[in-house]
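Trainee: sequence-free structure coming up:
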């Protein structure tokens, strides 16, 4: 039996690979924005900043937008929003550390 050459990929497969790379880069940007928004809300809560609720709303909107675009699942967005809200509330309720 003679060895056969490995067939080349179809044009449609090559195009799908290019699209996947493009989508991956775009999704990374959206996920980075989600993380930055969540971190800003958490940091504002630690600092007892007056803009905490505004930053929490922006983070929540970033999660919803990512879910709407299909970057993350809508239940993942809901879970992250809930956990972030709990974290922010706990940090706001915590008393600041007294200097020694």
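Mentor: Sure, I can see it. Note that this is a predicted model, so its numbers are computed, not measured. Residues are numbered from 1 along each chain as shown.

Trainee: which ones are touching residue 30?
Mentor: 65, 66, 69, 71 (CB atoms under 8 Å, 6 or more residues apart in numbering). From N, CA and C alone the C-beta is placed, and that goes for glycine too.

Trainee: Columns distance to residue 56 and secondary structure on top of these, output as CSV?
Mentor: Shown next, in CSV, are the contacts of residue 30 (distance: CB to CB, whole Å; DSSP: H, G, I helix; E, B strand; the rest coil):
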residue, distance to residue 56, secondary structure
65, 15, helix
66, 16, helix
69, 21, helix
71, 20, coil
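
Trainee: The residues you listed, buried ones only, as a PyMOL selection?
Mentor: With 16 or more other CB atoms under 10 Å as the burial test, the buried ones among these are selected in PyMOL as follows:
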select buried, resi 66+71
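
Trainee: and the contacts of residue 30, which two are the farthest apart?
Mentor: Using CB to CB, the two most remote members of the contacts of residue 30 are 65 and 71, lying 8.5 Å apart.

Trainee: which residues of the chain fall in helices?
Mentor: 11-46, 52-69, 74-93 (DSSP state H).

Trainee: want to throw these into JSON lines with mean pLDDT?
Mentor: Below are these laid out as JSON lines (pLDDT from 0 to 100):
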{"stretch": "helix 11-46", "mean pLDDT": "95"}
{"stretch": "helix 52-69", "mean pLDDT": "97"}
{"stretch": "helix 74-93", "mean pLDDT": "96"}
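
Trainee: among the ones you listed, which is the most enclosed?
Mentor: When these are scored by mean count of other CB atoms under 10 Å, the highest mean neighbour count falls to helix 52-69 (a mean of 17).
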